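# would you be able to build a 3D model of this:
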Amino acid sequence: MSHTSLGDRITGVLINVFMGFLILITAYPLLYVALASVSNGADLMAHSGLLLRSYGFHLDAYVKVFHNPNILKGYGNTILIVALSLLVNMSVTSMTAYVLSRKQVMWNNVFMFLIVFTMFFGGGLIPFYLIVKGTGLMNSLWAVILPFTINTFNLIIMRTSFMAVPDSLEESAKIDGANHLTIFTRIVLPLSLPVIAVMCLYYAVEKWNGWFYASLFLKDRDLFPLQLILREILISNSTDLMLGSTQVDQAMQVSETIQYSTIVVATLPILCIYPFVQKYFVKGVMVGALKG
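Residues are numbered from 1 along each chain as shown. Prediction:
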C-alpha cells in the first residue's frame, strides 16, 4: 500500500481550503441577492455590510414583479428571442461547420481565415448600426437575431468537433448511397450531441442576458426583452415602472427588494437549465477544442 506523505496531505488541505474560498466568494453574491429579495425593504436599506440572513420574510416584491405587465411582456419577448435565435443560430452554425469540416471543400482554409479574421477586426458599432438600419430590421425582434446568426467562436468549436468524426463512417455512408444531408443529420449530428448541447447553452445564455443591442435597435417598449426592463429598473432606482401607482410609502418599503427579486426572476431559468446540460459542458468543449 502506498502512503501519502505529509507534504501531499498539506497540499491537499491547502487546495481544499482555497477551492472552498473560491466557492464562497462565487456563491455569496447569489446568496445576497436571494436573501435581499425576501427581506423587509426598510430593514434592508438600513443594513450595511455582509448579508447573512434575510430581514423578515416578505414576498411583496415578487408579487409586484409577477403583476407587472412590463416584466411579463419582457419575459415573453426574451423567450421568443431565445427560441428563434436557437433555431437560426444552431441551424446555420451547424451547417456551416459541417461544410467547413469537409476536407474536399475548395478554399477551405481561405474561408476559415476570413471567418477567424472577424474575431479580431470589425467595422465598428456605427457601421454595424447603419447596416441594420439599412436592411429595415430596426425596431423588430429580428434586429437582435439575424445580425448575430453565427458566433465565430462557436463555429470554430463545432467545426473542430465535426472534423473529429471518423472518415470511415462518412465513406461507408457514401457507399450505401447516402448524400451529405443524410451524413449530416444521421451521422455527424448524433455523434456531436455534447458539443451541440454546449453550443445551445452558449447561444441561449447570450440571448437571455443580452440588452445592449436591444437598447440600440428596439424603440417600442412592447418589444423590450426582460434584461432591458431589468436594466431600466436598476438604473432608475425607481418603482414607478413596477408599481404603476403613487403610493410612495409602499414604494419605499419594496423599492430595494423589487430590484433583487427582478434579478432572481430573470436569472432563475438559466440556473434551472444549466444542471441538465452540465454533464455535456466540459466534454463538449474539450472535444470541440482539442480534437481535429
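# contact partners for the closest residue to Val264 other than its chain neighbours?
Spatially, and ignoring its direct neighbours in sequence, Val264 is nearest to Ser37 (5.1 Å; C-beta to C-beta, 6 or more residues apart in numbering). (Each C-beta comes from the backbone N, C-alpha and C, glycine too.) Applying C-beta atoms under 8 Å, 6 or more residues apart in numbering, we find Ser37 in contact with 61-62, 257, 260-261, 263-264.
# Ala97: which element?
Secondary structure from DSSP states H and E places Ala97 in helix 69-101.
# after that helix, which helix or strand is next?
Next along from helix 69-101, by DSSP H and E: helix 108-120.
# and the angle from that following helix to helix 69-101?
With axes from the mean of the first three to the mean of the last three C-alpha atoms, to 10 degrees applied, the angle from helix 108-120 to helix 69-101 works out at 150 degrees.
# may I see the buried residues of helix 108-120?
Residues Ile115 are the ones in helix 108-120 that count as buried (16 or more other C-beta atoms under 10 Å).
# when you give positions from now on, start the count at 667
Got it, first residue is 667 now, which makes that one helix 774-786.
# how close does His724 get to Ser703?
His724 sits 9 Å away from Ser703, going by C-beta to C-beta, to the nearest Å.
# mind listing the shared neighbours of the two?
With C-beta under 8 Å, 6+ apart as the test, His724 and Ser703 both reach Thr923.
# distance of Val930 from Lys840?
52 Å.
# re the thing from before, tell me the two of the contacts of Ser703 that are most distant?
Greatest spatial distance in these: Tyr728 and Ile929, 11.6 Å, computed using C-beta to C-beta.
# tell me the contacts of the nearest residue to Asn743 once chain neighbours are set aside?
In this structure, Asn743 finds its nearest non-sequential neighbour in Pro891, 4.9 Å apart by C-beta to C-beta, 6+ apart. By C-beta under 8 Å, 6+ apart, Pro891 lies in contact with 740, 743-744, 747, 810, 876-877, 880.
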